[in-house]
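Chemist: the sequence and its predicted three-dimensional model are supplied below.
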Amino acid sequence: MYKEDTIAAVATPMGEGGVAVVRVSGPDAQRIATEIFSRSGGRNGHLRSHTLHHGVIRAPESGAVLDEVLLVLMRKPRSYTGEDVVEVHCHGGPLIVRQVLELILSRGARHAEPGEFTKRAFLNGRMDLAQAEAVLDLIRARTEKGARLALEQVRGELSKWVGDLREELLDILVQVEAAVDFPDEEIELLQREELARKMAALREKISRIIASYDWGRLFREGARICIVGRPNVGKSSLLNALLGEERVIVTPVPGTTRDVIEEGINLSGLPVVLWDTAGIRETQDEVEKIGVGFSLRHLAEAEAVLVVLDGSAPLTTQDETVLKATTEKKGLAVINKSDLPRKLDFRQLKTLTHNKEAVFVSAKEGKGSDLLKSKIRELLLDSETEPPVVLTNVRHKAALERAERSLNEARGALYERLPPEMIAVDLQEARDSLEEIIGMIKSDDILERIFTNFCIGK
Ligand SMILES: Nc1nc2c(ncn2[C@@H]2O[C@H](COP(=O)(O)OP(=O)(O)OP(=O)(O)O)[C@@H](O)[C@H]2O)c(=O)[nH]1
Ligand SMILES: [Mg+2]
């Protein structure tokens, strides 16, 4: 599946830095290290594994010293890839790093492809496929929660769950296959009931894990929320209040905001992008008209909406237009200016916003913004409690959905009293789908797709 050659790459990002790491993995890693590395104190020869050694990188032909470095050798199998691995910690200048890498390549290593170190780790059984994929998620994580979820998967949390599901499935499959071996006998009624019960329980577990995908995605990618309303209700003031800083221009002139202003906030680990938009109204002003167009387009793209209303004024037809444009959207009705006497008819509002909870705030005085934040969180998360395992990868989700479908078919076949071998086929398909997740079934195609997304050096 892979050539047993020696690969090398820079493992740290390009550019200047304190330290850069050049990584080498494969059967020649140790030889190359001894050829190019001179240890301090002239103690050459045997390099102890899993120990940092101080010395210089020297071009063997010219004797020129390229850099003073720390070097670590990790003999197989106790290394990331499961092969002999050498890491050279050099000074983090692009020129030095390139010279060290080129020297290593000139001694017989090949430049690694993206993700090739992690691919080798998988192929050598150091981690399963789900774990290997999570390494990428971990590198890309932008929030603490996203990183934590990825790390759990790197450490095998998802794999353990999938492994358990697979065990349950095999248990069912064994019973069905036993019936295949006695072709004259139909599956007994009692046994059929037991099988149906087990299949239902397994299916239930699978669907719960599938449902966790949306939960996890929200924490990784966040949600986009559009702040809309007629001009002058305090949308920009609300954005400022939520950010806790004067980010956007606020004036008493209706039609102040023309462009969409985007800002990110973090709601206890949940990343949210807020869009402040131009007030929606009919207007002859060319620039404002374009702004209103932007507002509507962002409204359509957002996962949720905050409809801002001025609590100190009666509802206007402009408010009604905005409310109508947002009825289909998940959101909250934010009743602003609650520091002023209320003029807004709450009963009238209720008839227009049946699916939106109302939250009272004063953006000007910053009152109610904490409550609003927690309401936004509630709105986005169906449940505050974290699922026992969180799916974060579409490939895993698709495989679980296939497993779920095959199980459904197996149950259907059981009810219709089809011959046990037919049921067994569906169950085998479900098993295959589970095994694909952890890479017990691997195809070059899947591996190719997964690992080319990685960066070089990982
Ligand atoms: N009393 C009071 N005034 C507010 C409050 N929020 C906003 N305002 C005032 O309302 C006016 C409009 O505020 P903006 O935040 O610019 O309103 P907007 O909805 O962004 O307006 P456009 O960008 O024109 O659509 C300003 O004079 C604000 O000071 C509030 O909570 N209480
Ligand atoms: Mg504004």
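Modeler: Received, thanks. Quick caveat: nothing in here was measured; it's all calculated off a predicted structure. Ligands and ions are numbered 1, 2, ... in the order given.
Chemist: the stretch 1-150 of the chain: helices as residue ranges?
Modeler: With DSSP state H, counting those that start in this stretch as the criterion, the stretch 1-150 of the chain has helices at 29-36, 94-106, 116-123, 129-140, 144-154.
Chemist: among those helices, which is nearest ligand 2?
Modeler: For these, the distance to ligand 2 is smallest for helix 144-154, at 31.0 Å, taking CB to the ion. The C-beta positions use only the backbone N, C-alpha and C, and glycine is treated the same way.
Chemist: show me the domain layout of the chain.
Modeler: Per automatic domain parsing, the domain ranges recorded for the chain read 7-128, 154-217+393-439, 225-380.
Chemist: start to end distance for the second one?
Modeler: Using CA to CA, to the nearest Å, the end-to-end distance of domain 154-217+393-439 comes to 14 Å.
Chemist: next one: that domain to chain centre, how far?
Modeler: How far domain 154-217+393-439 lies from its chain's middle: 26 Å, per CA atoms, centre = their mean, to the nearest Å.
Chemist: quick one on the thing from earlier: out of the helices of the stretch 1-150 of the chain, which is the most enclosed?
Modeler: Of all the helices of the stretch 1-150 of the chain, helix 116-123 has the most neighbours on average by mean count of other CB atoms under 10 Å, namely a mean of 23.
Chemist: who does that helix touch, helix- and strand-wise?
Modeler: Using 3 or more CB pairs under 8 Å, 6 or more residues apart in numbering; DSSP states H and E as the contact criterion, the secondary-structure elements in contact with helix 116-123 are strand 7-10, strand 17-25, helix 129-140, helix 444-451.
Chemist: which one, of these, ends up nearest to ligand 1?
Modeler: Distances from ligand 1 to each of these were compared using CB to the nearest ligand atom; the shortest belongs to helix 129-140, at 34.4 Å.
Chemist: how much does that closest one deviate in direction from helix 144-154?
Modeler: With axes from the mean of the first three to the mean of the last three CA atoms, to 10 degrees defining the directions, helix 129-140 sits at 150 degrees from helix 144-154.
Chemist: what about helix 129-140, distance to the chain center?
Modeler: With CA atoms, centre = their mean as the basis, helix 129-140 stands 9 Å off its chain's centre.
Chemist: same check, this time on stretch 275-287
Modeler: Its chain's average C-alpha position is 35 Å from that of stretch 275-287, according to CA atoms, centre = their mean.
Chemist: next, the distance between the ends of it.
Modeler: Its start and end residues considered, stretch 275-287 measures 18 Å (CA to CA).
Chemist: CSV for the helices and strands packed on helix 116-123, including distance to Ile376 and mean pLDDT?
Modeler: Converted to CSV, these look like this (distance: least, CB to CB, whole Å; pLDDT from 0 to 100):
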stretch, distance to Ile376, mean pLDDT
strand 7-10, 42, 96
strand 17-25, 38, 96
helix 129-140, 25, 88
helix 444-451, 35, 82
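Chemist: now render these as a markdown table, adding distance to ligand 2.
Modeler: Conversion of these to a markdown table gives the following (distance: least, CB to the ion, whole Å):
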| stretch | distance to ligand 2 |
| --- | --- |
| strand 7-10 | 47 |
| strand 17-25 | 41 |
| helix 129-140 | 34 |
| helix 444-451 | 45 |
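Chemist: out of the ones you listed, the one nearest Asp370 is which?
Modeler: Nearest to Asp370, of all the helices and strands packed on helix 116-123, is helix 129-140, at 30.6 Å by CB to CB.
Chemist: by contact count, what packs against the closest one?
Modeler: With contacts defined as 3+ CB pairs under 8 Å, 6+ apart, the secondary structure elements packing on helix 129-140 are helix 116-123, helix 144-154, helix 157-181, helix 394-415, helix 420-438, helix 444-451.
Chemist: what comes up buried for the last one?
Modeler: Put plainly, it is helix 444-451. Of the residues in helix 444-451, those buried by neighbour count under the rule 16 or more other CB atoms under 10 Å are Leu447, Ile450, Phe451.
Chemist: how much does the helix ranked longest in the chain deviate in direction from helix 144-154?
Modeler: As far as residue count goes, and with DSSP state H defining each element, the longest helix of the chain is helix 189-221. When the same axes, to 10 degrees is applied, the directions of helix 189-221 and helix 144-154 differ by 140 degrees.
Chemist: helices or strands next to helix 189-221 in the packing?
Modeler: Using 3+ CB pairs under 8 Å, 6+ apart as the contact test, the elements touching helix 189-221 are helix 144-154, helix 157-181, strand 270-276, helix 394-415.
Chemist: tilt between it and helix 157-181?
Modeler: Helix 189-221 and helix 157-181 are oriented at 160 degrees to each other (the same axes, to 10 degrees).
Chemist: centre of the chain to helix 189-221, how far?
Modeler: Averaging C-alpha coordinates over helix 189-221 and over its chain gives two centres that are 21 Å apart (CA atoms, centre = their mean).
Chemist: quick revisit: so can I have TSV of the helices of the stretch 1-150 of the chain showing distance to Glu404?
Modeler: Formatted as TSV, the entries for these read as follows, by distance: least, CB to CB, whole Å:
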stretch	distance to Glu404
helix 29-36	44
helix 94-106	47
helix 116-123	25
helix 129-140	17
helix 144-154	20
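Chemist: burial count for the residue of the stretch 251-400 of the chain found nearest ligand 1?
Modeler: Ligand 1 sits closest to Gly279 of the stretch 251-400 of the chain, with a gap of 2.7 Å, by CB to the nearest ligand atom. Gly279 is surrounded by 25 other residues when neighbours are defined as other CB atoms under 10 Å.
Chemist: residue contacts, the residue nearest to it when sequence neighbours are not counted?
Modeler: The spatial neighbour of Gly279 that comes closest, neighbours along the chain excluded (CB to CB, 6 or more residues apart in numbering), is Pro231 at 2.9 Å. Neighbouring residues of Pro231 by CB atoms under 8 Å, 6 or more residues apart in numbering: Pro254, Gly255, Thr256, Ala278, Gly279, Ile280, Arg281, Gln318.
Chemist: wait, a helix at Pro231?
Modeler: No: with the criterion set as DSSP: H, G, I helix; E, B strand; the rest coil, the secondary structure at Pro231 is coil rather than a helix.
Chemist: could you pull up the residues touching Asn232?
Modeler: If you count contacts by CB under 8 Å, 6+ apart, then Asn232 has Pro252, Val253, Pro254, Thr256, Gly279, Asp310 around it.
Chemist: and it, how far is that from Asn336?
Modeler: Using CB to CB, to the nearest Å, we find Asn232 at a distance of 10 Å from Asn336.
Chemist: and for Arg230?
Modeler: Distance from Arg230 to Asn336, counting by CB to CB: 12 Å.
Chemist: coming back round to it: most tightly surrounded among the helices and strands packed on helix 129-140?
Modeler: It is helix 116-123: most buried of the helices and strands packed on helix 129-140 by mean count of other CB under 10 Å, with a mean of 23.
Chemist: what's the angle between that one and helix 444-451?
Modeler: 130 degrees.
Chemist: what is in contact with Asn232 and Asn336 at once?
Modeler: Once CB under 8 Å, 6+ apart is applied, the residues that Asn232 and Asn336 both contact turn out to be Asp310.
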